[in-house]
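Next come a sequence and a model predicted from it.
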Amino acid sequence: MTTEISTNYDKVHRRLERESEAVSRLLKKTTSYRFEPKDYSCFQLLQQLRIELEELSNQQQIALTEYNSKGSIADSDIADIEELSSRFKELETNMATYLLRVTS
(Lines give C-alpha, C1' and ligand atoms only; values in the text may rest on other atoms or scores of the structure.)
Protein backbone atom coordinates (compact mmCIF):
# COMPACT_ATOMS: atom_id res chain seq x y z
CA MET A 1 0.00 0.00 0.00
CA THR A 2 2.76 2.45 0.93
CA THR A 3 4.63 1.65 -2.28
CA GLU A 4 1.52 2.41 -4.33
CA ILE A 5 1.04 5.75 -2.57
CA SER A 6 4.68 6.76 -3.04
CA THR A 7 4.46 5.75 -6.71
CA ASN A 8 1.46 8.08 -7.16
CA TYR A 9 3.39 10.90 -5.50
CA ASP A 10 6.34 10.21 -7.80
CA LYS A 11 4.03 10.40 -10.82
CA VAL A 12 2.66 13.74 -9.63
CA HIS A 13 6.20 15.02 -9.06
CA ARG A 14 7.39 13.91 -12.50
CA ARG A 15 4.36 15.49 -14.16
CA LEU A 16 5.03 18.75 -12.32
CA GLU A 17 8.66 18.70 -13.48
CA ARG A 18 7.68 17.99 -17.10
CA GLU A 19 5.08 20.75 -17.12
CA SER A 20 7.56 23.16 -15.55
CA GLU A 21 10.02 22.45 -18.38
CA ALA A 22 7.23 22.91 -20.93
CA VAL A 23 6.32 26.29 -19.41
CA SER A 24 9.96 27.35 -19.74
CA ARG A 25 9.92 26.40 -23.43
CA LEU A 26 6.67 28.32 -23.96
CA LEU A 27 8.16 31.38 -22.27
CA LYS A 28 11.11 31.21 -24.65
CA LYS A 29 8.70 31.18 -27.57
CA THR A 30 7.03 34.35 -26.31
CA THR A 31 10.34 36.20 -26.68
CA SER A 32 11.21 34.76 -30.09
CA TYR A 33 11.22 37.16 -33.02
CA ARG A 34 9.57 34.42 -35.11
CA PHE A 35 6.36 34.78 -33.14
CA GLU A 36 6.11 38.55 -32.89
CA PRO A 37 2.57 39.92 -32.84
CA LYS A 38 1.16 41.18 -36.11
CA ASP A 39 -1.46 43.52 -34.69
CA TYR A 40 -2.51 45.13 -31.43
CA SER A 41 -4.88 42.33 -30.36
CA CYS A 42 -2.08 39.79 -30.83
CA PHE A 43 0.25 42.04 -28.84
CA GLN A 44 -2.24 42.17 -25.97
CA LEU A 45 -2.72 38.40 -26.08
CA LEU A 46 1.05 37.84 -26.07
CA GLN A 47 1.52 40.17 -23.10
CA GLN A 48 -1.21 38.36 -21.16
CA LEU A 49 0.30 34.98 -22.03
CA ARG A 50 3.75 36.11 -20.84
CA ILE A 51 2.38 37.32 -17.52
CA GLU A 52 0.35 34.17 -16.91
CA LEU A 53 3.19 31.86 -17.95
CA GLU A 54 5.62 33.67 -15.65
CA GLU A 55 3.17 33.40 -12.74
CA LEU A 56 2.64 29.70 -13.44
CA SER A 57 6.38 29.12 -13.71
CA ASN A 58 6.96 30.80 -10.34
CA GLN A 59 4.21 28.75 -8.69
CA GLN A 60 5.58 25.54 -10.18
CA GLN A 61 9.07 26.35 -8.93
CA ILE A 62 7.70 26.98 -5.43
CA ALA A 63 5.87 23.64 -5.50
CA LEU A 64 8.99 21.81 -6.74
CA THR A 65 11.16 23.48 -4.10
CA GLU A 66 8.73 22.47 -1.36
CA TYR A 67 8.58 18.90 -2.66
CA ASN A 68 12.36 18.62 -2.89
CA SER A 69 12.88 20.06 0.60
CA LYS A 70 10.25 17.81 2.19
CA GLY A 71 10.96 14.77 0.06
CA SER A 72 7.25 14.06 -0.26
CA ILE A 73 3.98 15.64 -1.29
CA ALA A 74 1.22 16.21 1.24
CA ASP A 75 -2.31 15.25 0.29
CA SER A 76 -3.32 18.90 0.48
CA ASP A 77 -0.55 19.79 -1.97
CA ILE A 78 -1.86 17.36 -4.59
CA ALA A 79 -4.97 19.50 -5.12
CA ASP A 80 -2.73 22.55 -5.65
CA ILE A 81 -0.58 20.63 -8.12
CA GLU A 82 -3.69 19.48 -9.99
CA GLU A 83 -4.77 23.11 -10.23
CA LEU A 84 -1.33 24.05 -11.61
CA SER A 85 -1.68 21.26 -14.14
CA SER A 86 -5.08 22.47 -15.32
CA ARG A 87 -3.75 26.04 -15.61
CA PHE A 88 -0.85 24.71 -17.65
CA LYS A 89 -3.20 22.93 -20.05
CA GLU A 90 -5.29 26.08 -20.44
CA LEU A 91 -2.24 28.26 -21.11
CA GLU A 92 -0.83 25.70 -23.52
CA THR A 93 -4.07 25.86 -25.49
CA ASN A 94 -4.03 29.67 -25.43
CA MET A 95 -0.43 29.68 -26.63
CA ALA A 96 -1.30 27.33 -29.50
CA THR A 97 -4.14 29.66 -30.47
CA TYR A 98 -1.78 32.63 -30.43
CA LEU A 99 0.83 30.81 -32.53
CA LEU A 100 -1.81 29.92 -35.10
CA ARG A 101 -2.88 33.57 -35.30
CA VAL A 102 0.61 34.93 -35.88
CA THR A 103 1.81 32.23 -38.27
CA SER A 104 -1.21 32.16 -40.55
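Cool, the structure landed.

Tell me where the longest helix sits in this protein.
Ordering each helix of the chain by length in residues (DSSP state H) puts helix 40-70 first.

Quick check: next helix or strand after that one?
helix 75-103 (DSSP states H and E).

any idea how far residue 72 is from residue 12?
10 Å (C-beta to C-beta, to the nearest Å). Just so you know, the C-beta spots here come from the backbone N, C-alpha and C atoms, and that holds for glycine as well.

Look at those two and report which has more neighbours.
residue 12 (18 against 12; other C-beta atoms under 10 Å).

Quick check, that one in contact with residue 81.
Yes: between residue 12 and residue 81 there is a contact at 5.7 Å, judged by C-beta atoms under 8 Å.

Quickly list what's touching both of these two.
residue 73 (C-beta atoms under 8 Å, 6 or more residues apart in numbering).

rewinding a little: compute the inter-axis angle for the longest helix of the chain and helix 75-103.
Counting by axes from the mean of the first three to the mean of the last three C-alpha atoms, to 10 degrees, helix 40-70 lies at 150 degrees to helix 75-103.

Next, the angle from the least confident helix or strand in the chain by mean pLDDT to helix 40-70.
The helix or strand of the chain with the poorest confidence is helix 2-30; it has a mean of 82 (mean pLDDT, DSSP states H and E). On the basis of the same axes, to 10 degrees, helix 2-30 is oriented at 150 degrees to helix 40-70.
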